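Student: with the sequence up front, the predicted model follows.
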Amino acid sequence: GDRSFERKRQVAAAVGEMEAVVDVMQRLNRQCFQKCVMSSITEGKTRDDELSLDDDACLDSCAAKFKLVQQKLTEIAMQESLNQQQQQQGAK
């Protein structure tokens, strides 16, 4: 009945949120690895299998910037959603 449907909806929403988090983490890993580690390897700055202090600092900075951008995008999306809800309520 209604309980079963609501439970399935909650599970689907949780799965969707988990998939979104995994997607964000994969994009962060790809972008920051490419920017910091691969560029160091390409430029010949990293020769061994350990990160240099510069690589580590670059990764920290990249992750922090990525997090700020994601937060800003989330804020914008939430504001857009709120605006749409208000427009729909005003149209009734």
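Tutor: Okay, I see it.

Student: measure G44 to S52 for me?
Tutor: Distance of G44 to S52, given as C-beta to C-beta, to the nearest Å: 12 Å. From N, CA and C alone the C-beta is placed, and that goes for glycine too.

Student: higher neighbour count, those two?
Tutor: Between G44 and S52, S52 has the larger neighbour count (other C-beta atoms under 10 Å), namely 15 against 7.

Student: isn't D54 up against S39?
Tutor: No: counting by C-beta atoms under 8 Å, S39 is not a contact partner of D54; they are 10.4 Å apart.

Student: neighbours of V37, how many?
Tutor: Neighbours of V37 under the rule other C-beta under 10 Å: 19.

Student: what's the answer for the one 3 residues further on, then?
Tutor: Counted with other C-beta under 10 Å, the neighbours of S40 add up to 17.

Student: tell me how far Q86 lies from E80.
Tutor: Q86 is 11 Å from E80, by C-beta to C-beta.

Student: also L59?
Tutor: Distance of L59 to E80, given as C-beta to C-beta: 31 Å.

Student: so the two - more neighbours on which side?
Tutor: Neighbours were counted for L59 and for E80 using other C-beta under 10 Å; L59 has more, 18 against 10.

Student: pLDDT value on the more buried one, please?
Tutor: On pLDDT, L59 comes in at 94.

Student: please identify the helix or strand for it.
Tutor: With elements taken from DSSP states H and E, the one containing L59 is helix 53-91.

Student: least confident secondary structure element in the chain?
Tutor: helix 39-42 (a mean of 84; mean pLDDT, DSSP states H and E).

Student: any idea how far it is from the chain center?
Tutor: 24 Å (C-alpha atoms, centre = their mean, to the nearest Å).

Student: tell me the angle the strand or helix carrying G16 makes with helix 53-91.
Tutor: Using DSSP H and E, G16 maps to helix 2-32. Interaxial angle, helix 2-32 versus helix 53-91 (axes from the mean of the first three to the mean of the last three C-alpha atoms, to 10 degrees): 140 degrees.

Student: for the residue nearest to the spatial centre of the chain, which non-adjacent residue is spatially closest?
Tutor: Centroid check for the chain by C-alpha atoms, centre = their mean gives V24 as the closest residue, at 2.9 Å. In space, V24 comes closest to Q70 once its chain neighbours are excluded; the distance is 6.1 Å by C-beta to C-beta, 6 or more residues apart in numbering.
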